[in-house]
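Engineer: Give me a model of this one.
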Amino acid sequence: MGELSQADLDELVEEAIVDAYGEDEQLVGFYTMIEENLALPFTTMVLGVEVTVESIDLTDCGIAAICVRGTHRQPIVILDLPLPAPPPPGSEWISAYGRWAGRR
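Structural biologist: Okay, here's the model as predicted:
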(Lines give C-alpha, C1' and ligand atoms only; values in the text may rest on other atoms or scores of the structure.)
Protein backbone atom coordinates (compact mmCIF):
# COMPACT_ATOMS: atom_id res chain seq x y z
CA MET A 1 0.00 0.00 0.00
CA GLY A 2 1.31 3.45 -0.88
CA GLU A 3 1.66 6.41 1.42
CA LEU A 4 -1.71 7.68 2.61
CA SER A 5 -2.64 11.32 2.26
CA GLN A 6 -3.47 13.41 5.31
CA ALA A 7 -7.11 13.37 4.19
CA ASP A 8 -7.07 9.56 3.99
CA LEU A 9 -5.59 9.35 7.49
CA ASP A 10 -8.19 11.80 8.79
CA GLU A 11 -10.94 9.57 7.37
CA LEU A 12 -9.49 6.55 9.17
CA VAL A 13 -9.22 8.54 12.41
CA GLU A 14 -12.88 9.52 12.14
CA GLU A 15 -13.88 5.92 11.45
CA ALA A 16 -11.99 4.69 14.53
CA ILE A 17 -13.42 7.28 16.93
CA VAL A 18 -16.92 7.81 15.51
CA ASP A 19 -18.80 6.55 18.59
CA ALA A 20 -16.12 7.23 21.19
CA TYR A 21 -16.41 9.72 24.02
CA GLY A 22 -13.14 10.81 25.53
CA GLU A 23 -9.56 9.72 24.91
CA ASP A 24 -9.90 6.33 26.62
CA GLU A 25 -12.75 5.24 24.35
CA GLN A 26 -10.95 6.67 21.32
CA LEU A 27 -7.86 4.62 22.22
CA VAL A 28 -10.02 1.50 22.44
CA GLY A 29 -11.45 2.39 19.01
CA PHE A 30 -7.95 2.41 17.51
CA TYR A 31 -7.02 -0.78 19.33
CA THR A 32 -10.09 -2.48 17.87
CA MET A 33 -9.39 -1.28 14.32
CA ILE A 34 -5.72 -2.31 14.49
CA GLU A 35 -6.53 -5.70 16.03
CA GLU A 36 -9.22 -6.42 13.43
CA ASN A 37 -7.28 -5.22 10.38
CA LEU A 38 -3.53 -5.73 10.95
CA ALA A 39 -2.35 -8.97 9.33
CA LEU A 40 -0.65 -11.00 12.06
CA PRO A 41 1.81 -12.51 12.55
CA PHE A 42 4.56 -10.68 10.67
CA THR A 43 8.29 -10.31 11.15
CA THR A 44 10.24 -7.11 11.55
CA MET A 45 13.59 -5.94 12.89
CA VAL A 46 13.90 -4.42 16.37
CA LEU A 47 17.37 -3.16 17.35
CA GLY A 48 18.91 -5.31 14.62
CA VAL A 49 17.17 -8.51 15.73
CA GLU A 50 14.37 -10.21 13.81
CA VAL A 51 11.19 -10.60 15.87
CA THR A 52 7.71 -11.88 15.16
CA VAL A 53 4.80 -9.61 15.98
CA GLU A 54 2.24 -12.11 17.26
CA SER A 55 -0.49 -9.92 18.71
CA ILE A 56 -1.61 -6.46 19.75
CA ASP A 57 -2.45 -5.43 23.32
CA LEU A 58 -3.58 -2.40 25.31
CA THR A 59 -1.03 -1.38 27.94
CA ASP A 60 -0.49 1.55 30.30
CA CYS A 61 1.60 3.09 27.50
CA GLY A 62 -1.11 2.72 24.86
CA ILE A 63 -1.31 0.17 22.06
CA ALA A 64 1.59 -2.28 22.00
CA ALA A 65 2.79 -4.93 19.61
CA ILE A 66 3.70 -8.18 21.36
CA CYS A 67 7.03 -9.17 19.84
CA VAL A 68 8.45 -12.67 20.19
CA ARG A 69 11.91 -14.11 19.61
CA GLY A 70 12.47 -17.64 20.84
CA THR A 71 11.12 -17.85 24.38
CA HIS A 72 11.24 -14.07 24.92
CA ARG A 73 8.13 -11.88 24.64
CA GLN A 74 8.27 -8.09 24.77
CA PRO A 75 5.58 -5.46 24.29
CA ILE A 76 6.74 -2.54 22.15
CA VAL A 77 4.68 0.62 21.79
CA ILE A 78 3.22 0.18 18.33
CA LEU A 79 4.15 3.72 17.26
CA ASP A 80 7.80 2.85 18.03
CA LEU A 81 7.71 -0.42 16.10
CA PRO A 82 9.69 -0.38 12.85
CA LEU A 83 7.49 -1.91 10.17
CA PRO A 84 8.94 -4.17 7.48
CA ALA A 85 9.00 -3.20 3.82
CA PRO A 86 6.45 -3.69 2.49
CA PRO A 87 4.33 -3.11 5.60
CA PRO A 88 1.70 -5.72 6.45
CA PRO A 89 -1.90 -5.22 5.34
CA GLY A 90 -3.80 -3.11 7.84
CA SER A 91 -0.78 -1.03 8.86
CA GLU A 92 -2.61 2.09 7.70
CA TRP A 93 -4.46 1.90 11.03
CA ILE A 94 -1.13 2.31 12.84
CA SER A 95 -0.51 5.46 10.77
CA ALA A 96 -3.98 6.77 11.61
CA TYR A 97 -3.39 6.04 15.31
CA GLY A 98 -0.12 7.98 15.09
CA ARG A 99 -1.91 10.94 13.49
CA TRP A 100 -4.55 10.90 16.26
CA ALA A 101 -1.91 10.54 19.00
CA GLY A 102 0.02 13.48 17.60
CA ARG A 103 -3.02 15.75 17.85
CA ARG A 104 -3.82 15.04 21.50
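Engineer: Work out for me the element the residue nearest to the spatial centre of the chain sits within.
Structural biologist: Closest residue to the average C-alpha location of the chain: residue 94 at 3.6 Å, with Cα atoms, centre = their mean. Using DSSP states H and E, residue 94 sits within helix 92-103.
Engineer: Which residue ranges of the protein form helices?
Structural biologist: For the chain, applying DSSP state H gives helices covering 6-17, 22-37, 92-103.
Engineer: which of these is buried the deepest?
Structural biologist: Among those, ranked by average contacts under mean count of other Cβ atoms under 10 Å, first place goes to helix 92-103 (a mean of 18). C-beta: built from backbone N, CA, C; applies to glycine.
Engineer: which residues are in contact with that one?
Structural biologist: Residues outside helix 92-103 that contact it (Cβ atoms under 8 Å, 6 or more residues apart in numbering): 1, 4, 6, 8-10, 12-13, 16-17, 26, 30, 33-34, 37-38, 62-63, 78-79, 81, 83.
Engineer: give me that answer again for 7 Å
Structural biologist: With contacts defined as Cβ atoms under 7 Å, 6 or more residues apart in numbering, helix 92-103 is touched by 1, 4, 9, 12-13, 16, 26, 30, 33-34, 37-38, 63, 78-79.
Engineer: now stretch 4-22
Structural biologist: 26, 29-30, 33, 92-93, 95-96, 99-100.
Engineer: So for the helix holding residue 94, mean pLDDT?
Structural biologist: The pLDDT scores in helix 92-103 average 92.
Engineer: And for stretch 37-45?
Structural biologist: 97.
Engineer: can you pull the buried residues of it?
Structural biologist: 38, 42, 44 (16 or more other Cβ atoms under 10 Å).
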